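Enquirer: no FASTA, just this:
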């Protein structure tokens with residue numbers, strides 16, 4: 001049976017660092033990229049379903065690639081669909097390396113004005129695959145999504 005984590009609090013709610021020195025250890029240009037994506041609500045590769053209550057995303061990241069920085073403002077959960085290794089760049093300046101396993105699921109709860117801004121890089125040799133479900137009927141208005149990210153049939 002896959003492990004399912006409880007609701008996440010504490011270190012998963014990341015405060016944005018205001019001192020540029022917090023990002024001195026990041027690769028060149030990454031901090032500037034983060035600042036350019038402060039209001040990016042695209043939390044996956046493709047938005048496959050959307051209602052007035054939720055959005056369902058698929059995220060695919062090839063080995064050696066990274067998704068754009070994006071902001072989470074709504075409670076959500078993700079499930080890994082395959083094993084893989086990832087590096088997370090967080091708006092606090094923190095970098096976290098993690099190993100994911102198929103079926104791993106994490107839940108995040110965001111209250112009024114809570115958010116988290118980050119990017120995920122694939123540091124493994126297999127494609128990272130996730131399904132993310134955002135609950136957009138909570139206390140924070142969902143961020144807009146450009147049509148180019150919606151599934152085309």
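Expert: Thanks, I have it. The model shown is predicted, which means the values in this text are computed figures rather than measured ones.
Enquirer: let me see the contact set for the spatially most central residue of the chain.
Expert: Geometric centre of the chain, nearest residue: residue 43, 5.4 Å, by Cα atoms, centre = their mean. For residue 43, the contacting residues are 57, 59, 70, 72, 76, 132, 134, by Cβ atoms under 8 Å, 6 or more residues apart in numbering. All C-beta spots, glycine's among them, are computed from the backbone N, C-alpha and C.
Enquirer: try 7 Å this time
Expert: If you count contacts by Cβ atoms under 7 Å, 6 or more residues apart in numbering, residue 43 has them with 57, 70, 72, 132, 134.
Enquirer: tell me the pLDDT at it?
Expert: On pLDDT, residue 43 comes in at 98.
Enquirer: how about residue 153?
Expert: Value listed for residue 153 in the pLDDT field: 84.
Enquirer: quick one: it and residue 129, what's the gap?
Expert: For residue 153, the distance to residue 129 equals 21 Å [Cβ to Cβ, to the nearest Å].
Enquirer: higher neighbour count, those two?
Expert: residue 129 (18 against 3; other Cβ atoms under 10 Å).
Enquirer: I'd say the more buried one and residue 82 touch.
Expert: Yes: counting by Cβ atoms under 7 Å, residue 82 is a contact partner of residue 129 at 4.5 Å.
Enquirer: next, the closest residue to residue 30 other than its chain neighbours: phi, psi?
Expert: Computed as Cβ to Cβ, 6 or more residues apart in numbering, the closest residue to residue 30 that is not its neighbour in sequence is residue 89, at 6.3 Å. Phi and psi for residue 89, reported as degrees, to the nearest 10, are phi -110, psi 120.
Enquirer: no further queries at this time; thank you.
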